[in-house]
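**Q** Just the structure for this:
(one chain, ligands or ions: 1)
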Amino acid sequence: MQCLKQKPFKATRPFASRTRCVVRCHAKLRQSEGALLAATGAAVLAMSSTSTAHATELLSSANGLDGSLTFAVGGGVAIAGLGALLVATDPQKRRTEQMAQTGGDEKEAVKNYFNTAGFERWRKIYGETSEVNKVQLDIRTGHAQTVEKVLRWVDEEGGVPGTTVCDAGCGTGSLAIPLALRGATVSASDISAAMAGEAERRYQEALVATGSKAPKVAPKFEAMDLESIQGSYHTVTCLDVMIHYPQDKVDGMISHLASLANNRLIISFAPKTLSYSILKRIGELFPGPSKATRAYLHREEDVEAALQRAGFKVTKREMTATSFYFSRLLEAVRN
Ligand SMILES: C[S@@+](CC[C@H](N)C(=O)[O-])C[C@H]1O[C@@H](n2cnc3c(N)ncnc32)[C@H](O)[C@@H]1O
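**A** Take a look at the predicted model:
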């Protein structure tokens with residue numbers, strides 16, 4: 001653990017205690033739950049909202065911090081206090097309230113978010129500008145690693161020239177654009193029209209900036225929820241989207257995406273392990289702004305079972321974990 005002397009987080013009792021130690025709050029997994037609890041502060045705040053990545057990013061906006069947080073803990077006393085808070089707070093109640101604000105329609109809430117505040121936030125994170133804080137920069141780095149892993153798999157498996165790829169929930173085109181520039185025939189879509197529009201703009205910009213040859217078939221960028229995508233594609237990709245939905249919805253999403261994929265499905269999600277669940281639960285003590293959406297972790301077994309039911313078997317796995325970004329990446333091929 002690393003000590004840090006930045007804007008201190010004003011811990012109220014029971015956080016305060018005799019032996020105060022200032023802990024840099026990294027979200028890296030620790031061996032024991034106690035150590036984990038003591039070490040999580042900042043990262044956890046993050047995990048309370050939107051995506052694995054989202055969550056953390058909220059740290060800055062929700063708490064006025066710039067991505068670093070000092071968190072005073074006092075050994076066992078602090079952990080006990082934290083435990084009491086865990087019991088006292090009721091994330092389900094807050095979720096219900098959030099749902100009520102959007103008329104109970106979760107997908108609509110996600111769409112609104114990514115067309116408004118979320119668009120502004122994620123446009124920066126998935127960009128190259130310096131208008132990001134430390135947490136956002138860390139998320140940008142983690143997400144870029146996930147994208148690189150997918151591109152490495154794709155390149156190792158013979159590349160994509162001439163193959164059809166559907167990128168569902170394309171965001172600003174972080175994956176769709178390099179795939180198109182590699183010669184794939186890309187159909188990229190996103191529930192947010194703002195995101196899909198930004199992806200198209202970035203594609204045009206990338207063509208000029210990289211001097212790349214345009215693919216034979218120009219990529220298509222559309223505003224559409226993934227449940228409405230039609231057609232059949234060699235490869236279907238869906239990165240960091242499922243975090244917005246509970247497992248029953250994710251089962252349906254996987255089943256639909258699988259029905260579109262002739263050969264390969266590449267998906268990523270925030271893995272539900274004991275450690276990440278604890279992180280998320282602590283994060284729920286620090287509700288983000290109302291503009292945020294909910295975040296769901298998924299058990300790898302559940303995701304794999306949904307893939308199996310859809311006739312796919314997992315052939316490759318990767319994990320990306322930076323301080324504030326956690327994403328499990330799976331490649332599955334049709335049985
Ligand atoms: C965290 S971003 C990831 C973007 C992109 N996949 C990437 O990795 O760069 C999540 C994206 O999923 C989109 N999204 C959320 N729910 C969706 C749905 N049901 N159908 C299509 N897109 C969705 C959001 O609008 C947002 O752009």
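**Q** Next to the ligand, which bits of the stretch 1-150 of the chain? Give me the list.
**A** Residues of the stretch 1-150 of the chain lying near the ligand by Cβ under 6 Å from any ligand atom: 51, 107, 110, 114, 126. Backbone N, C-alpha and C define where each C-beta goes, glycine included.
**Q** Please identify the member of the residues you listed with the greatest number of neighbours.
**A** Within these, residue 51 tops the neighbour count with 28 neighbours, counted by other Cβ atoms under 10 Å.
**Q** By proximity to the ligand, which residue of the stretch 151-300 of the chain wins?
**A** The ligand sits closest to residue 171 of the stretch 151-300 of the chain, with a gap of 2.5 Å, by Cβ to the nearest ligand atom.
**Q** on that earlier part again, generate CSV for the residues of the stretch 1-150 of the chain next to the ligand, with secondary structure and pLDDT as supplementary columns.
**A** Output for these, formatted as CSV (DSSP: H, G, I helix; E, B strand; the rest coil; pLDDT from 0 to 100):
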residue, secondary structure, pLDDT
51, coil, 45
107, helix, 94
110, helix, 95
114, helix, 97
126, coil, 98
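**Q** biggest separation within the residues you listed, which pair?
**A** 107 and 126 (21.1 Å; Cβ to Cβ).
**Q** Adjacent strands (with direction) for the helix or strand where residue 333 lies?
**A** Assigning secondary structure by DSSP states H and E places residue 333 in strand 326-334. Strand pairing for strand 326-334, using DSSP bridges, gives strand 261-269 (antiparallel), strand 312-321 (antiparallel).
**Q** among the ones you listed, which is the most enclosed?
**A** When those are scored by mean count of other Cβ atoms under 10 Å, the highest mean neighbour count falls to strand 261-269 (a mean of 23).
**Q** which element follows it toward the C-terminus?
**A** helix 274-283.
**Q** And the contacts of the helix or strand just after that following helix?
**A** Remark: after helix 274-283, the chain's next helix or strand is helix 300-309, criterion DSSP H and E. Around helix 300-309, the neighbours that count as contacts under Cβ atoms under 8 Å, 6 or more residues apart in numbering are 242, 247, 250-251, 254-255, 258, 265, 267, 269, 271-272, 313-314, 328, 330, 332.
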